[in-house]
Each structure stands twice: as C-alpha cells, then as structure tokens.
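Visitor: how does the following fold in three dimensions:
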Amino acid sequence: MASYNLLNNELVDDRILPLAEKMGVGVIAIKPPTSGALAAPPAKLKAQAMTPIRVEEAHRSVLFNDTANVAIPSMMNPKEVEENVRMGERFSSMANPEKSRLRKAVEELDKDFSRG
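Guide: Prediction:
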C-alpha cells in the first residue's frame, strides 16, 4: 500500500512501483485525490492554479500505471461514495494529452502544496 497521487508520485513511480513489479506483487494506491485537496485546493492555491483538476482525473492518474492495481480513496460522506461508484462504472484509461494537462496543473500547485 502506498500513498500515491499526482503530487507525491516521485518515490512511488521511481522506486516502489518498479520494485513491486520486479517482485511480482500488486500495489494498492491510497489517497489518489489527496483527500479531495487536488480538486478543491485551499483558496490561496486555487487562485494561482490556472488548470483545474477534477477528482475523477486524480483517481485515473494513478491507475493509468499498470503496476498500481487498485486505488482506495477516502470518503467523508454518502455523496462521495456515490461519486466514487460512478467513477468506477465509467472508468477509462488516460490519453497522453490528458496526462500532460494534469502534469501542468500539478506544476502550478506543486510549489506551495503540502504533501502530507
């Protein structure tokens, strides 16, 4: 199990996923949307972010990697559970243009965003 999302992916991408693949074990990605903070960043960061990130994109961003086998998002209320179910029902892979747009969005937030 690894905390894996658009903001804290370096260690996971560079070390954990390759090691898991080499060992033939699966990876459970937890907190793909950083508890919703990517899609709803604090006001100060939201003002400087030029490219919005949708929660669905945050989930899909970790699952486009074949080594991350499943993602477990945190959910605070029944509405979030229903949203996650809908995302699972219509899940699709990410195309390269979408990945590039998300990388740009993360770069805009990354300088001041807490990765906790």
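Visitor: confidence score at the residue sitting furthest away from the middle of the chain?
Guide: The C-alpha centroid of the chain is most remote from residue 23, which lies 23.7 Å away (CA atoms, centre = their mean). Confidence at residue 23, expressed as pLDDT, is 93.
Visitor: for it, what are its contacts?
Guide: Listed by CB atoms under 8 Å, 6 or more residues apart in numbering, the contact set of residue 23 is empty. Just so you know, the C-beta spots here come from the backbone N, C-alpha and C atoms, and that holds for glycine as well.
Visitor: and the closest residue to residue 98 other than its chain neighbours, what is it in contact with?
Guide: The shortest distance from residue 98 to any non-neighbouring residue, by CB to CB, 6 or more residues apart in numbering, is to residue 57 (7.2 Å). Contacts of residue 57 were listed using CB under 8 Å, 6+ apart, and they are 94, 98, 102.
Visitor: and residue 57, how far is that from residue 95?
Guide: To residue 95, residue 57 is 12 Å away according to CB to CB, to the nearest Å.
Visitor: mind checking how far the top helix by length along the chain is from the chain centre?
Guide: Scanning the chain for the helix with the most residues, using DSSP state H, yields helix 96-110. Here helix 96-110 is found 11 Å from its chain centre; the criterion is CA atoms, centre = their mean, to the nearest Å.
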